[in-house]
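1. next input, structure requested:
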Amino acid sequence: MKRPKSAPSRRRRAVLRGAVTLAAGLGLVATTSGSAHAAPIRLDYPLSGVTHLQGTGSDLELKPGVLAVTADLRAGTLTADTKLPPAPGSFKMIGAIPVSVTTEFIEPEPTVGTIDLKTGAIKSTTKLILRLKDLKVAGIPTPVGSACQTEVPAELDLTSEPGFNALKGGKLSGTYAIPKFEHCLLATPLINMIIPGDGNSISLTLGQPAPPPSS
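-> Alright, predicted model coming up:
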């Protein structure tokens, strides 16, 4: 009598199938036809990183998140949902006044990108609305309302760094501009004086991917 196959065993096989399919599509393993014929695949990458905010001269840690990727290896394209938790941060205004605030990241539409099928390199564009809450200036809570956010999404153009491997992960990096904020009550002028602007950098690290949890 055959024993039922365990969930861990099924998951290991699912990971292996996804890895082989992705590897074949990226030209990382040999195929008899010499080209990829795989259907789109779904993989979840553990996501962490840091972004440096030029206006405040401070860093925000971005973790732990998930990049839920659907890759079309025939077309060399991908779409993804970026899931990041709120990021608390702090800095000193005018070099002396402590300010703390939490930033939420809202993705209004899926990330889009391309995959180089010869090298596995990735280029992507992510649009994120930045929403602020829990603002404190000199330790004093400063109301910003429930919809204090950028007027339009920030647009992040990211490129994979050397050594990136679609089967193992790696780093993506880029720069972006932060748009002006709106609906922040009386704090709107102060926020727009400090935070928006060009020259912000971001570096994301993708861990080894796995198929999404079965529903």
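2. beta partners of the most centrally placed residue in the chain?
-> By Cα atoms, centre = their mean, the chain has its centre lying nearest to Thr82, at 4.7 Å. Note on Thr82: beta-bridge partners Leu67, judged by DSSP bridges.
3. partners of the closest residue to Ile122 other than its chain neighbours in the sheet?
-> Using Cβ to Cβ, 6 or more residues apart in numbering and skipping the chain neighbours, the partner closest in space to Ile122 is Ser160 (4.4 Å). Using the backbone N, CA and C atoms, a C-beta is placed for each residue, glycine as well. For Ser160, the beta-bridge partners are Leu172 (DSSP bridges).
4. ok, Ser160 touching Lys168?
-> No. Under the criterion of Cβ atoms under 8 Å, Ser160 is not in contact with Lys168, lying 11.8 Å apart.
5. give the contact list for the residue nearest to Ile122.
-> Gly120, Ala121, Ile122, Lys123, Gly170, Lys171, Leu172 (Cβ atoms under 8 Å, 6 or more residues apart in numbering).
6. again, only using 10 Å
-> 113, 115-116, 119-124, 166, 169-173, 204, 206 (Cβ atoms under 10 Å, 6 or more residues apart in numbering).
7. could you do Glu107 as well?
-> Ala80, Asp81, Thr82, Lys83, Leu84, Thr126, Lys127, Leu128, Ile129, Pro153.
8. tell me if Met193 really is in a helix.
-> Yes. Applying DSSP: H, G, I helix; E, B strand; the rest coil, one finds Met193 inside a helix.
9. got the end-to-end distance for stretch 93-102?
-> Length of stretch 93-102, first residue to last, Cα to Cα, to the nearest Å: 16 Å.
10. in contact with Arg42, which residues?
-> By Cβ under 10 Å, 6+ apart, the contact list for Arg42 reads Gly18, Ala68, Val69, Thr70, Ala71, Pro209, Pro211, Pro212.
11. ChimeraX command to pick out the buried ones of these?
-> Here is the ChimeraX command that picks out the buried ones among those, judged by 16 or more other Cβ atoms under 10 Å:
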select :18,68,69,71,209,211
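12. what's the closest of the contacts of Arg42 to Gly199?
-> Nearest to Gly199 among those: Val69, at 28.1 Å, using Cβ to Cβ.
13. could you measure from the residue lying closest to the closest one once chain neighbours are set aside over to Gly139?
-> Here the nearest residue to Val69 in space, its sequence neighbours aside, is Ala80; by Cβ to Cβ, 6+ apart that works out to 4.5 Å. The gap separating Ala80 from Gly139 is 39 Å, by Cβ to Cβ, to the nearest Å.
14. so which of those two has more stuff around it?
-> Ala80 (23 against 9; other Cβ atoms under 10 Å).
15. mind checking which helix or strand of this protein has the lowest mean pLDDT?
-> Least confident element among the helices and strands of the chain, by mean pLDDT, DSSP states H and E: helix 7-25 (a mean of 51).
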